[in-house]
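Peer 1: Could you work out the structure for the sequence below:
(one chain, ligands or ions: 3)
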Amino acid sequence: MSSPVTNLDKYAQRDRLGIWGTGDNEVVGSISGFGRLFDKRYSKGLAFTHEERQQLGIHGLLPYVVREGNEQVEHCRALLDRLDQDLDKYMYLINLSERHERLFYKVLSSDIGHMMPLVYTPTVGLACQRYSLIYQTAKGMFISIKDKGHIYDVLKNWPETDIRAIVVTDGERILGLGDLGANGMGIPVGKLSLYTALAGIKPSQCLPITLDVGTNTESLLEDPLYIGLRERRVTGAAYDEFVDEFMHACVRRFGQNCLIQFEDFANANAFKLLSKYRDSFCTFNDDIQGTASVAVAGLLASLKIKKTQLRDNTLLFLGAGEAALGIANLCLMAMKAEGLSEEEAKTRIWMVDSRGVIVRDRPKGGLTEHKLHFAQLHEPIDTLAEAVRKVRPNVLIGAAAQGGAFNQEILELMADINETPIIFALSNPTSKAECTAEEAYTHTKGRCIFASGSPFAPVTYNNRKYYPGQGNNSYIFPGVALGVLCAGMLTIPEEVFLVAAERLAEIVSKDDLAKGSLYPPLNSIVSCSMAIAEKVVEYAYKNGLATIRPEPANKLAFIKAQMYDLDYPRSVPATYKM
Ligand SMILES: NC(=O)C1=CN([C@@H]2O[C@H](COP(=O)(O)OP(=O)(O)OC[C@H]3O[C@@H](n4cnc5c(N)ncnc54)[C@H](OP(=O)(O)O)[C@@H]3O)[C@@H](O)[C@H]2O)C=CC1
Ligand SMILES: CC(=O)C(=O)O
Ligand SMILES: [Mg+2]
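Peer 2: Ligands and ions are numbered 1, 2, ... in the order given. From the prediction side, this is the model:
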């Protein structure tokens, strides 16, 4: 795994060891004790022992106490518990990540189920809406349209040279919250914190980027605190050239094996950029492909309860955008793998967009090329309720950012048609969910199988406790990224997302299903990422897509060996005797 190294700074010198660099776990001789105390990557805070403090020349800069074992994490958790507002908890955690990186990841890992909603959906949605207000310190890179022609030079300002994963947004479709411009930076930052927390990808090798091409949101343009470019969005050829320059600059700076994850671009750009770059860059679109994978995994797991195949089901989507079309396409692939022809499979997939059901020659129009692929031969159907009555789906999937769209009538209809209806309310953040977990269980009399994009607490209905699963691409993208990086893949075929879905569905246990969850518990998500990565690596070697040689005999052990170590590195050389 080689990438062009042009900047022999202190990190780069240290990182050029091993496949991924062993940097984060090594001692850096050239960094002063003071540097180690205040550099987020080396700081141990109160965990520096008295010997280390003496040796590093930082004795007296810390109070006497030395925190051992889990004490630092417990301290942070106690502090978090004192804060009432989730946004304050978010700010505390982001601040911690900038002061004391390893402790931040220790805290996240101490209870992923509780911590993820604070750094990811739903809190990250609120953080993005307030990003200009809560902005405190430089984090990630903002590359604006004014940098056109100089993007490579801008990328050179990033102090790390061994970047393996970039998550990039242009802020135009942040969750279901719309165009948040440069405030969308919370999303790449949040996604990459999950790269490390959920898949052990080293934080020094991750780079969050916002492409700031302006915003069309009036309230931001008028906000005196707004941190982004105060202009309307650049579109057309100028936009395309800008993104193209960005893609090539990333490869020139970080190498062809640097993974670029597209996140929260608006619909037309998302599809266009994916089809333009997917065969020549190491890239994927998480909203289209990652979401497809997690939804298909949930569906495959649900079939264990219903004892059917995917091909035996009829799916109705509310929404025909990135998420919904991504899922529909992967379902098509899965049904074909089960033996259906493409045409047969398409008869099982129905979609509703803002103008009604997608049918051929729809008088209301609005049929893009991607939607036409799924257009049914049927008379127009205008409303979701009418669609449910006429199509009689077994599976109802919401990805339209229309909070509450699965109302009592819709949910009761689903329960009338099916003994065990499957209801996915995938839109984020929570305010955009098509229904809450409680509404889903109540209006289907506890018979539905439910999953949601943002987390819901367990629900008790009729004396039974249900644990809804989180149908969120966070079950997929960290593991896929880990596999792609470990194999050194240079492109990512669509099949990888089916491989990931199948592996995730396999991991769902009888116990999970009995509790009403289609996904493994969040607290086991790191092992899910590793299992997905293992399958992706196997797939890469089998299909001639891996570039790391020699092929590791034990792939899981190889993957584990590359992962970020949450334990503090030694700060005093082993040979040093006090
Ligand atoms: N759980 C997860 O892992 C993920 C969840 N999501 C969530 O999914 C949601 C949608 O994202 P995405 O697909 O990328 O967005 P897009 O903008 O690509 O698509 C939105 C779709 O919703 C449709 N829509 C809008 N209003 C209505 C309405 N009143 N009735 C029916 N359909 C409507 C749009 O219709 P039209 O085409 O006519 O404009 C469009 O097809 C977001 O909330 C996002 O957070 C996204 C990715 C991952
Ligand atoms: C989860 C995610 O990627 C989204 O809601 O956009
Ligand atoms: Mg997204």
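
Peer 1: what residues does this structure put near ligand 3?
Peer 2: Counting by Cβ under 5 Å from the ion, the positions of the chain adjacent to ligand 3 are 263, 264, 287. In this view, the C-beta of every residue, glycine as well, is placed from N, C-alpha and C.

Peer 1: Of these, which ones also sit close to ligand 2?
Peer 2: Residues of the residues of the chain next to ligand 3 in contact with ligand 2 (Cβ under 6 Å from any ligand atom): 264, 287.

Peer 1: Format the residues of the chain next to ligand 3 as CSV; extra columns: neighbour count and pLDDT.
Peer 2: Supplementary listing: these in CSV, determined by neighbours: other Cβ atoms under 10 Å; pLDDT from 0 to 100:
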residue, neighbour count, pLDDT
263, 26, 98
264, 26, 98
287, 24, 98
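
Peer 1: Same list, the residues of the chain next to ligand 3, but as JSON lines with secondary structure please.
Peer 2: Listed next are these as JSON lines, based on DSSP: H, G, I helix; E, B strand; the rest coil:
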{"residue": "263", "secondary structure": "coil"}
{"residue": "264", "secondary structure": "coil"}
{"residue": "287", "secondary structure": "helix"}
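
Peer 1: Dump the residues of the chain next to ligand 3 to JSON lines, plus distance to residue 508.
Peer 2: Conversion of the residues of the chain next to ligand 3 to JSON lines gives the following (distance: Cβ to Cβ, whole Å):
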{"residue": "263", "distance to residue 508": "26"}
{"residue": "264", "distance to residue 508": "27"}
{"residue": "287", "distance to residue 508": "23"}
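
Peer 1: Looking at the residues of the chain next to ligand 3, spot the one nearest residue 239.
Peer 2: Proximity of those to residue 239 (Cβ to Cβ) peaks at residue 264, which lies at 15.6 Å.

Peer 1: for the residue of the stretch 451-578 of the chain found nearest ligand 3, what are its contacts?
Peer 2: Among the residues of the stretch 451-578 of the chain, residue 473 lies closest to ligand 3, at 6.9 Å counting by Cβ to the ion. With contacts defined as Cβ atoms under 8 Å, 6 or more residues apart in numbering, the neighbours of residue 473 are 286, 287, 290, 291, 293, 294.

Peer 1: Just list the residues touching whichever residue of the chain sits closest to ligand 1, thanks.
Peer 2: The nearest approach of the chain to ligand 1 comes at residue 321, 1.8 Å away (Cβ to the nearest ligand atom). Applying Cβ under 8 Å, 6+ apart to residue 321 gives the contacts 267, 353, 399, 400.

Peer 1: Mind doing that once more with 10 Å?
Peer 2: Shown here is residue 321, whose contacts under the criterion Cβ atoms under 10 Å, 6 or more residues apart in numbering are 173, 266-267, 270-271, 287-288, 351, 353-354, 368, 370-371, 399-401.

Peer 1: Filter the residues you listed down to the buried ones.
Peer 2: By the neighbour-count criterion of 16 or more other Cβ atoms under 10 Å, these include these buried positions: 173, 266-267, 270-271, 287-288, 351, 353, 370-371, 399-401.

Peer 1: Out of these, the closest to ligand 3 would be?
Peer 2: Top of the list for closeness to ligand 3, among these and by Cβ to the ion, is residue 287 at 4.4 Å.

Peer 1: ok, how many other residues are close to the nearest residue to that closest one once chain neighbours are set aside?
Peer 2: Nearest residue to residue 287 in three dimensions, chain neighbours excluded: residue 322, at 4.3 Å (Cβ to Cβ, 6 or more residues apart in numbering). For residue 322, the number of neighbouring residues by other Cβ atoms under 10 Å comes to 28.

Peer 1: Following the chain onward from the longest strand seen in the chain, which element is next?
Peer 2: Scanning the chain for the longest strand, with DSSP state E as the assignment, gives strand 206-212. In the C-terminal direction, the helix or strand that comes right after strand 206-212 (DSSP states H and E) is helix 218-221.

Peer 1: contacting residues for residue 56?
Peer 2: Shown in contact with residue 56 (Cβ under 10 Å, 6+ apart): 31, 32, 33, 34, 35, 36, 37, 42, 48, 571, 572.

Peer 1: Ligand 3 versus that one, what's the distance?
Peer 2: Using Cβ to the ion, to the nearest Å, residue 56 is found at 42 Å from ligand 3.

Peer 1: dump the residue contacts of residue 72.
Peer 2: By Cβ under 10 Å, 6+ apart, residue 72 lies in contact with 44, 45, 46, 47, 100, 102, 103, 106, 107, 568.

Peer 1: Could you export those as TSV, including distance to ligand 1?
Peer 2: What follows is those, written out as TSV (distance: Cβ to the nearest ligand atom, whole Å):
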residue	distance to ligand 1
44	35
45	34
46	38
47	36
100	30
102	28
103	28
106	26
107	24
568	34
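
Peer 1: Lowest-confidence member of those residues, which is it?
Peer 2: Within these, residue 568 has the lowest pLDDT, namely 92.

Peer 1: doesn't residue 47 make contact with it?
Peer 2: Yes. At 6.1 Å, residue 568 counts as touching residue 47 under the criterion of Cβ atoms under 10 Å.

Peer 1: quick revisit: what's the closest of the contacts of residue 321 to residue 59?
Peer 2: Using Cβ to Cβ, the shortest approach to residue 59 within the contacts of residue 321 belongs to residue 287, at 50.5 Å.
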